[in-house]
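**Q** one predicted model, sequence on top.
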Amino acid sequence: MKRRDSTRRAAAVAAGLALAAAAASAEAPTPAAPVEILVEEALRDSPSLEALRERVAAARELVRPAGALPPPMFELMLQNERFDRLTVGESGMSMVGPEVRQHLPWPRARAARRAAAELDVRSREAELELARRELVKAVRQTAAALWSVGQRHELLAHAAELQQLLAATVAALYGTGHDEQAAVVRARLEGTRLARQQLELEGTREGLQAALARLLGQPPGLAPGRIAALPTAALPPPPWGEAAVTSSPLVTARRLAVAQAEREEELARLALRPGLTVGAGLGYRGDLDPVVSLRFGLELPVWRRGAQEPALRAASHAAAAARAELRQAELDVAAEAARLEAEWRRARSVAALVESTLLPQTSAAVDAARSAYLGERGELSMVVEALRLWLEARVELVELQALTAAIEAEVLALVGEVPASPDRGSPVQTGGAQ
């Protein structure tokens, strides 16, 4: 009995040292590039953003031509009184010379076209801003997921260390005839389960790193490794519905779509007005004096009912549809902001509860189960179950913290950039009762 008590006391000391080492290692995470630097790299190197910036530049180049006059028409005129021979220079009505014609759209049409082109530039800019915010959100959320994987991997490693010590203790007791073989099998089985979870996390980590590399515009092998701290953000005080509707790129794009549709309706209405044509020519008549001709033309809206009027009605319907889409976008963004606020509050509340109650309770449960087993007052299954609860509580806290960061990234995508707050991503406490 003395030998058995001595063995179990040694195991208890070793298990306590393992938990102490786990807590110490958790306090000093491996340094990694701050998430804000990753965001800057993504905004600078993303090919998709570069493509959108080039499209904005292309749209700007089209503003001035949109309001320009159409190119003039150059013609060479020959007027001859007879069919059988050339009479230029012999007859007063025979002449040859150049003519120039210019089409003039109805007044205000050029300004309307230029305004429509400027609205297209603003729409492209809104599209760029939406893509930029979505990219930042994706980088922040992927970094939060990588941080979560790293924290869970550390927790599994600490649990595996304790499980190995426990398995060694059980094996030693079985070898001296003080425990059953089933206990040895149960201890090894639990260690295998933890090892399998570690392997699954490694696969998840590789997938997330590949996704982050794509967001950064880099090959998969150049993705950053372990994320040491959660991405943080200083959010405006909730509710966020009004701020989201005001600054959401989606709502901005819908507003610009309404302005564009109304401009197209104005252009369709101006198309009902006739266009003008002016021209001038010079006729050469040989020894006779040259002839100067001036021309003025007016388009006749003969096919107005079959062409221009249906186009105007279609433009009117398109403007009404754009206004309805704007109202729907405002409702969608406000509802999304309300949903994110509810999720954010829930995640923070549950995380606070887990951190303040479950973590110390599970640590106490591990200590109690371990003491009972070493004092021959409990079974091995109690220690294994307590260790599992200890691990699950800390994994849940890590997941809730990552979920909070992911929600904050979505809120930033709605309300825009705000100054960052101090780092919040401290590692989860892994130590139990010593």
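**A** Sure thing, it's come through.

**Q** which element is residue 279 on?
**A** strand 276-283 (DSSP states H and E).

**Q** likewise residue 76?
**A** Assigned by DSSP H and E, residue 76 falls in strand 73-79.

**Q** what's the lengthiest helix in the chain packed up against?
**A** Selection of the longest helix in the chain by residue count, based on DSSP state H, yields helix 109-175. Applying 3 or more Cβ pairs under 8 Å, 6 or more residues apart in numbering; DSSP states H and E, we find helix 109-175 packed against helix 2-26, helix 35-45, helix 47-61, helix 63-66, helix 181-215, helix 249-270, helix 380-415. Where you see a C-beta, it was placed from the backbone N, CA and C, and this is true even at glycine.

**Q** starting at the chain centroid, how far to it?
**A** 10 Å (Cα atoms, centre = their mean, to the nearest Å).

**Q** now do stretch 59-77
**A** The chain centroid and the centroid of stretch 59-77 are separated by 40 Å under Cα atoms, centre = their mean.

**Q** what's in contact with that stretch?
**A** Applying Cβ atoms under 8 Å, 6 or more residues apart in numbering, the external contacts of stretch 59-77 come out as 95-105, 110-111, 113-114, 116-118, 120-121, 124, 281, 283.

**Q** find the nearest non-adjacent residue to residue 355, please.
**A** residue 397 (5.8 Å; Cβ to Cβ, 6 or more residues apart in numbering).

**Q** if I look at residue 52, how far off is residue 135?
**A** 10 Å (Cβ to Cβ, to the nearest Å).

**Q** what's the answer for residue 162, then?
**A** Residue 162 is 41 Å from residue 135, where distance means Cβ to Cβ.

**Q** closest to residue 229 out of the helices and strands packed on helix 109-175?
**A** Among these, the nearest to residue 229 by Cβ to Cβ is helix 35-45 (7.3 Å).

**Q** and the closest one, what does it pack against?
**A** So helix 35-45, by 3+ Cβ pairs under 8 Å, 6+ apart, packs with helix 109-175.

**Q** now do the helix it packs on and helix 249-270, the angle between them.
**A** 160 degrees (axes from the mean of the first three to the mean of the last three Cα atoms, to 10 degrees).

**Q** low-confidence regions, the stretch 251-400 of the chain specifically.
**A** 373-381 (pLDDT under 70).

**Q** repeat that with 50
**A** For the stretch 251-400 of the chain, no stretch has pLDDT under 50.

**Q** same question, the stretch 101-250 of the chain
**A** For the stretch 101-250 of the chain, the stretches flagged by pLDDT under 50 are 179.

**Q** so what's residue 118 up against?
**A** Contacts of residue 118 by Cβ under 8 Å, 6+ apart are residue 63.

**Q** please redo it, this time with the cut-off set to 10 Å
**A** 59-60, 62-63, 66-67, 259-260, 263 (Cβ atoms under 10 Å, 6 or more residues apart in numbering).

**Q** closest to residue 297 among the residues you listed?
**A** residue 67 (21.9 Å).

**Q** and the closest one, how close does it get to residue 114?
**A** Taking Cβ to Cβ, one finds residue 67 at 3 Å from residue 114.

**Q** ok, residue 294 next?
**A** Residue 294 sits 29 Å away from residue 114, going by Cβ to Cβ.

**Q** these two touch, right, residue 135 and residue 49?
**A** Yes - with contact defined as Cβ atoms under 10 Å, residue 135 counts as touching residue 49 (6.5 Å).

**Q** out of the two, which sits in the busier spot?
**A** For residue 135 versus residue 49, neighbours defined as other Cβ atoms under 10 Å are more numerous around residue 135 (20 against 17).

**Q** ok, that one - contacts?
**A** Residue 135 touches 39, 42-43, 46, 48-49, 215-217, 413, counting by Cβ under 10 Å, 6+ apart.

**Q** on that earlier part again, buried residues in the strand holding residue 76?
**A** By neighbour count on 16 or more other Cβ atoms under 10 Å, the buried set for strand 73-79 is residue 79.

**Q** so what strands line up beside that strand?
**A** Partner strands for strand 73-79, per DSSP bridges, with pairing direction: strand 95-104 (antiparallel).

**Q** anything in contact with each of residue 135 and residue 49?
**A** 42-43, 217.

**Q** name the member of the residues you listed with the most neighbours.
**A** The shared contacts of residue 135 and residue 49, ranked by neighbours (other Cβ under 10 Å): first place residue 42, 23 neighbours.

**Q** report the contact partners of residue 106.
**A** By Cβ under 10 Å, 6+ apart, the neighbours of residue 106 are 112, 270-276, 299.

**Q** go again using 8 Å as the cut-off
**A** Counting by Cβ under 8 Å, 6+ apart, residue 106 has contacts 270, 273-276.

**Q** could you look up the SS state of it?
**A** coil (DSSP: H, G, I helix; E, B strand; the rest coil).

**Q** tell me the backbone dihedrals of it, please.
**A** Main-chain dihedrals, residue 106, degrees, to the nearest 10: phi -60, psi 140.

**Q** what separation is there between it and residue 299?
**A** On the measure of Cβ to Cβ, residue 106 and residue 299 end up 9 Å apart.

**Q** and for the two, which residues touch both?
**A** 274-276.

**Q** buried among these? Need that as a selection in ChimeraX.
**A** A single ChimeraX command suffices to select whichever of those are buried according to 16+ other Cβ under 10 Å:
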select :275
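
**Q** include distance to residue 388 when you put the shared contacts of residue 106 and residue 299 into TSV, please.
**A** Listed next are these as TSV, based on distance: Cβ to Cβ, whole Å:
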residue	distance to residue 388
274	84
275	82
276	86
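
**Q** ok, the residue lying closest to residue 416 once chain neighbours are set aside - how many residues close by?
**A** Among residues not flanking residue 416 along the chain, residue 247 sits closest, at 4.5 Å (Cβ to Cβ, 6+ apart). Under the neighbour criterion other Cβ under 10 Å, residue 247 is assigned a count of 16.
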